[in-house]
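[1] Here is the input, now give the coordinates:
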Amino acid sequence: MSNENGKSYQDKRFGLSSWAVDNRATVMVLGILIALIGWNAYQSMPREAFPEVVTPEIFVSTVYPGNSPEDMEKLITRPLEKEIKTITGLDEVLSTSVQGYSTIDIKFDFSVEPSEALRKVKDAVDKAKA
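    Predicted coordinates for the structure are as follows:
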């Protein structure tokens, strides 16, 4: 083929897309086949409706009626936090102190067993009480 200047050029077509346009029925059958194989794989995949997830998280709550939030923090929360933060395997420690009540949320790494985490927290609380 040549253009108006007399130079020849090649017909540039992408082979795969040209083949797909020319063979529509084959492309549709392949698409449906891939969809059916995917659906079959999804249906045969093992899954659980409500998997058991054990998060190593422990809450320590203390009640000291009649004290202000500042006193709760100074007298109870901070000493407990100080001992708890010495525990290995901690991920996060969050505390809240309100009128006559404080709570400490202790989150451990997933490598720590929940029973081991509970034992460590009990030991730290006992040490802080002493």
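[2] pLDDT below threshold where in this protein?
    1-13 (pLDDT under 70).
[3] Pull the residues that contact the lengthiest helix in the chain.
    Of all the segments assigned as helix in the chain under DSSP state H, the longest by residue count is helix 24-44. Residues outside helix 24-44 that contact it (CB atoms under 8 Å, 6 or more residues apart in numbering) are A20. In this view, the C-beta of every residue, glycine as well, is placed from N, C-alpha and C.
[4] could you point out which element follows it?
    Past helix 24-44, heading to the C-terminal end, the next element that is a helix or strand (DSSP states H and E) is strand 57-63.
[5] Quick one: distance of that next one to the chain centre.
    24 Å (CA atoms, centre = their mean, to the nearest Å).
[6] Would you mind writing the CA trace of the very next helix or strand once past it as PDB?
    Toward the C-terminal end, the helix or strand that comes next after strand 57-63 (DSSP H and E) is helix 69-72. The C-alpha coordinates for helix 69-72 follow below in PDB (Å, rounded to 0.1, in the frame of the first residue of the first chain):
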ATOM      1  CA  PRO A  69     -10.100  11.900  87.800                       C
ATOM      2  CA  GLU A  70      -6.700  13.600  88.600                       C
ATOM      3  CA  ASP A  71      -6.400  11.600  91.900                       C
ATOM      4  CA  MET A  72      -7.400   8.400  90.100                       C
END
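[7] From the contact counts, what lies against helix 69-72?
    When contacts are defined as 3 or more CB pairs under 8 Å, 6 or more residues apart in numbering; DSSP states H and E, helix 69-72 sits against strand 90-98.
[8] partners of the strand it packs on in the sheet?
    Using DSSP bridges, strand 90-98 pairs in its sheet with strand 101-108 (antiparallel).
[9] can I see the domain layout of this structure?
    Using automatic domain parsing, the domains assigned to the chain come out as 1-47, 57-129.
[10] Could you look over those domains and pick the most buried one?
    Each of those was scored by mean neighbour count; the highest is domain 57-129, a mean of 15, by mean count of other CB atoms under 10 Å.
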